[in-house]
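1. Quick one, fold the following:
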Amino acid sequence: MRKIKSMVIPEIPDAWKYVISSLVGGGIAIFVTFLNNRYQLKKDSKSWEKEKLWEGYQKCISNLNLIDGLLTDLSAESGVNHVLKIGEREKIFTLYSEIFPYLYWIIYNYPNPQSEEIKALKEIIEEEKIKTTKLMKKLNFLIFNPKLLNPMKQELTKLMVNDPRISKL
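-> All right, here's what the predicted structure looks like:
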């Protein structure tokens, strides 16, 4: 029979045992904290994105309702052939200009850019025809075409209802 040689592990002084165990424990704590912070940041950014997306839909639909109410009040006061005065045009212009950043963010960040709602919304605002024109011309186009308000509201509502990013709210 052969005799197995045993390996002798040198004895570590007690002070070093405490130092090594503290380093290992600290390293594990730092790693766990890092993972937790990373997970929390990802969770918070998703929550923030959902809130901003919801705010965008809400702002667009709310402003379209305000414009619709304003135009309805003006036509009720002055008749169907009412010509918008500069002050009235500025109010509508301001409401539309608040919509555009949200509207484009919704359109170009939608998960399915080929959806019927996106195509219909782009068609309503004539995105393809007036892509190269300035914002002022787009706003004037929309201001002088109040019949586009309801289709825009309808398509935005459909998008909001079908948007998988906020349906989990």
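2. what ranges of this protein fall below the confidence cut-off?
-> 1-10, 75-84, 126-141, 143-144, 167-169 (pLDDT under 70).
3. Show me the residue sitting in the middle of it in space.
-> Computing the C-alpha centroid of the chain and ranking residues by Cα atoms, centre = their mean puts residue 53 first, at 3.2 Å.
4. Would you mind measuring from that residue to residue 23?
-> Residue 53 sits 45 Å away from residue 23, going by Cβ to Cβ, to the nearest Å. For glycine as for every other residue, the C-beta is placed from the backbone atoms N, C-alpha and C.
5. In terms of secondary structure, what does the longest helix seen in the chain contact?
-> Using DSSP state H to define each element, the chain has its longest helix at helix 14-78. Judged by 3 or more Cβ pairs under 8 Å, 6 or more residues apart in numbering; DSSP states H and E, helix 14-78 is in contact with helix 86-108, helix 149-162.
6. what about residue 66, neighbour count?
-> 15 (other Cβ atoms under 10 Å).
7. re the thing from before, now do the contacts for the residue lying closest to the residue nearest to the centre of the chain once chain neighbours are set aside.
-> Spatial nearest neighbour of residue 53, excluding adjacent residues (Cβ to Cβ, 6 or more residues apart in numbering): residue 166 at 5.4 Å. Applying Cβ atoms under 8 Å, 6 or more residues apart in numbering, we find residue 166 in contact with 50, 53, 54, 57, 160.
8. quick one: contacts for the residue nearest to the centre of the chain?
-> 106, 163, 165, 166.
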